[in-house]
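Novice: how would this look folded up:
(one chain, ligands or ions: 1)
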Amino acid sequence: MVIDRIIGDPKKTKNWEEILKPPFFRYHVATSVEDAIHQLAENPGALILAGGQSLVPAMNFRLASPEMLIDIGKITGLSSILIEGDEVVVGANVRHRDLELSDEVFAELPVLRQALGNVAHVPIRHRGTIVGSICHADAAAEMPMMLTLTGGYVTAVGPEGTRKILAEDFFKFHMTTTRAADEMIVSAHFPITP
Ligand SMILES: Cc1cc2nc3c(=O)[nH]c(=O)nc-3n(C[C@H](O)[C@H](O)[C@H](O)COP(=O)(O)OP(=O)(O)OC[C@H]3O[C@@H](n4cnc5c(N)ncnc54)[C@H](O)[C@@H]3O)c2cc1C
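Specialist: Predicted coordinates for the structure are as follows:
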């Protein structure tokens, strides 16, 4: 039956790779930043899953085949947008749309809202994260450009501790950053510029 070929019948299907869109992967829901970092260190080939708006299409096209996904969506404390001194501090679970709609941020750094209005369309901005976009490091994407333009930085946490990485040191090449494989980015910092 056609339906079997689409959803797969375990009794009839010998090769799941032929019917699944993405390659096989294991899935872990991280409970804390420490848990996510531990999983990254223990599972070479694992990747963080944030909004999934870049990673999942890449997997469906088989351009990426992480052995394991570490979902950070349930980690508490990563969803805040703060104005701290002369910086806008954006946690790893903050969605594009949250930052775009923040009137407090717009009052301090209006260029962020202007840039965010050009990111994909609203449903994608509801799922995709600011930090995920920065980690993905697409050379045509708005948020890597904004981090560079404002002279911002990210905060990385790994087994060796926490480090601050300036935008100019973070982006190496299109879709390539200096983040170590066992590091997670917990926040992005945009200096408030005149
Ligand atoms: C149809 C479509 C149109 C789009 N158009 C645009 C556009 O015009 N402009 C634009 O800028 N973007 C665009 N995007 C991309 C979108 O903005 C994505 O949301 C964003 O690039 C990635 O964010 P995410 O949270 O979905 O990350 P994910 O897809 O979950 O992850 C992306 C990558 O970053 C890594 N990662 C994520 N979070 C962390 C973290 N905290 N620490 C370490 N690594 C991490 C993942 O492992 C993965 O490698 C588009 C996407 C789609 C599907």
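Novice: And the residue nearest to residue 45 when sequence neighbours are not counted, how far from residue 152?
Specialist: Distances taken as CB to CB, 6 or more residues apart in numbering place residue 67 nearest to residue 45, at 3.7 Å, with adjacent residues excluded. All C-beta spots, glycine's among them, are computed from the backbone N, C-alpha and C. Applying CB to CB, to the nearest Å, the value for residue 67 to residue 152 is 31 Å.
Novice: got the residues of this protein near the ligand?
Specialist: 47-55, 57, 92, 119-120, 124, 128-129, 131-133, 135-136, 141-143, 184-185 (CB under 6 Å from any ligand atom).
Novice: Any chance of a PyMOL selection covering the buried ones in these?
Specialist: The PyMOL command for the buried members of the residues of the chain next to the ligand (criterion: 16 or more other CB atoms under 10 Å) is given here:
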select buried, resi 47+48+49+50+51+52+53+54+55+92+119+128+129+131+132+133+135+136+141+142+143+184+185
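Novice: Now, the residues of the chain next to the ligand that are in strands?
Specialist: Among the residues of the chain next to the ligand, DSSP state E puts 47-49, 184-185 in strands.
Novice: Take those and write them to a markdown table, including pLDDT.
Specialist: Below are those laid out as a markdown table (pLDDT from 0 to 100):
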| residue | pLDDT |
| --- | --- |
| 47 | 98 |
| 48 | 98 |
| 49 | 98 |
| 184 | 98 |
| 185 | 98 |
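Novice: Now do the contacts for the residue positioned nearest the centre of the chain.
Specialist: Centroid-nearest residue in the chain, with CA atoms, centre = their mean: residue 132, separated by 1.8 Å. If a contact means CB atoms under 8 Å, 6 or more residues apart in numbering, then residue 132 has 50-51, 53-55, 92 as its contacts.
Novice: can we see that at 6 Å?
Specialist: By CB atoms under 6 Å, 6 or more residues apart in numbering, the contact set of residue 132 is 50-51.
Novice: now do residue 80
Specialist: residue 91.
Novice: Could you do the one 3 residues further on as well?
Specialist: Contacts for residue 83 (CB under 6 Å, 6+ apart) come out as residue 108.
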